[in-house]
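Engineer: sequence plus predicted model, see below.
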Amino acid sequence: MTDHLSLPERSQAVHRALSERGVDADIRVLPDSARTAPEAAAAIGCDVAAIANSLVFVADGEPVLVMTSGGHRADPSVVAAAIGAVEVGMAPASVVRASTGQAIGGVAPVGHPSPLRTFVDESLQRYDEIWTAAGHPHTVMPMTFDDLCRITDGRVIGVA
């Protein structure tokens, strides 16, 4: 396990947020970027569908976090129907940074300036262990589907 004090600043914030939720995070620093699900899966050695991508959408003007499997693309119209929104689209990088404090490619499920309404892709349930970004494009962490739902207070939905 990596010493949390040697982690990038944003990953330290993620570690603190997880600790506050009773999770002892095993945040790992990768030598190369894990900005995309295929990059992360290759670096970790897991199925790309076990990567939980952190996507920020704007739903009826409000940023929301959708944790989706790297095995498929989230369809904004499916997400809109699932969350009861009229209009859903990908958030621009400026909104992602402002709402999460993190850069695209490194957005963790927690550690944001304010909690985001979060939705979790039902297809991630089939994995005993899933992997998420940990606040920086070079950091990742494993967890269970149940822990992801618990730490984010996420609602399980279909996204594709």
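Structural biologist: Cool, got the structure.
Engineer: regarding V79, what is its secondary structure?
Structural biologist: Following DSSP: H, G, I helix; E, B strand; the rest coil, we place V79 in the helix state.
Engineer: got the contact list for it?
Structural biologist: For V79, the contact set (C-beta atoms under 8 Å, 6 or more residues apart in numbering) comprises F57, A59, V66, A85, V88, F119, I157, V159. No exception for glycine: its C-beta is placed from N, CA and C like everyone else's.
Engineer: now it: how far from V58?
Structural biologist: According to C-beta to C-beta, to the nearest Å, V79 and V58 sit 11 Å apart.
Engineer: between these two, which contacts overlap?
Structural biologist: By C-beta under 8 Å, 6+ apart, V79 and V58 have these common neighbours: V88.
Engineer: just the C-alphas of stretch 146-160, formatted as PDB.
Structural biologist: C-alpha atoms of stretch 146-160 as PDB (Å, rounded to 0.1, in the frame of the first residue of the first chain):
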ATOM      1  CA  ASP A 146     -21.200  -2.100  -2.600                       C
ATOM      2  CA  ASP A 147     -18.500   0.100  -1.200                       C
ATOM      3  CA  LEU A 148     -18.700   2.400  -4.300                       C
ATOM      4  CA  CYS A 149     -22.500   2.800  -3.800                       C
ATOM      5  CA  ARG A 150     -22.100   3.400   0.000                       C
ATOM      6  CA  ILE A 151     -19.200   6.000  -0.200                       C
ATOM      7  CA  THR A 152     -21.000   8.000  -2.900                       C
ATOM      8  CA  ASP A 153     -24.500   7.400  -1.700                       C
ATOM      9  CA  GLY A 154     -25.000   6.500  -5.400                       C
ATOM     10  CA  ARG A 155     -28.200   5.200  -6.900                       C
ATOM     11  CA  VAL A 156     -27.800   2.200  -9.200                       C
ATOM     12  CA  ILE A 157     -29.100   2.800 -12.800                       C
ATOM     13  CA  GLY A 158     -28.700   1.500 -16.300                       C
ATOM     14  CA  VAL A 159     -26.600   3.800 -18.500                       C
ATOM     15  CA  ALA A 160     -26.300   2.100 -21.900                       C
END
